[in-house]
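K.L.:
Sequence and predicted structure below; questions after.
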Amino acid sequence: MSYYQYHVFFCVNQREGSAVCCNNMNAQEMRDYAKDRIKSLRLNGKSKIRINNAGCLDRCDEGPVLVVYPDEVWYTYIDKADIDEIIDEHLINGRIVERLTI
């Protein structure tokens, strides 16, 4: 069994110059929001959910991106409403949010 039920990695990579990267699309802000929401729901910790920063996940053109393990589901998102939907549907209810998958 995994240490966490779900381990969520948000790409928060920041590239130099004008190169496309997730952090230019508020990735760190969305990751912080997700982490705070999971904590407020008391879903963080062993056997629960872990939200992490990740360096470049090499899917910049599809970003911003996050990946949920162990399900290996990749998502893109625009705003907090999308993050809420991923949390509510996938992380709480176990249903993949098809409209946000990549």
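P.N.:
The structure has been received and is ready for your questions. Residues are numbered from 1 along each chain as shown.
K.L.:
Need the three-state assignment for E16.
P.N.:
Classification of E16 into helix, strand or coil gives coil, according to DSSP: H, G, I helix; E, B strand; the rest coil.
K.L.:
Check what pLDDT it gets.
P.N.:
pLDDT for E16: 79.
K.L.:
what does M1 give?
P.N.:
65.
K.L.:
Make residue 1 into 16 and carry on from there
P.N.:
All right, first residue 16 from here; so that's M16.
K.L.:
Distance check, the residue in the chain sticking out farthest from the centre against E44.
P.N.:
In the chain, G32 marks the outermost C-alpha relative to the chain mean, sitting 24.4 Å out by C-alpha atoms, centre = their mean. Distance of G32 to E44, computed by C-beta to C-beta, to the nearest Å: 21 Å. For glycine as for every other residue, the C-beta is placed from the backbone atoms N, C-alpha and C.
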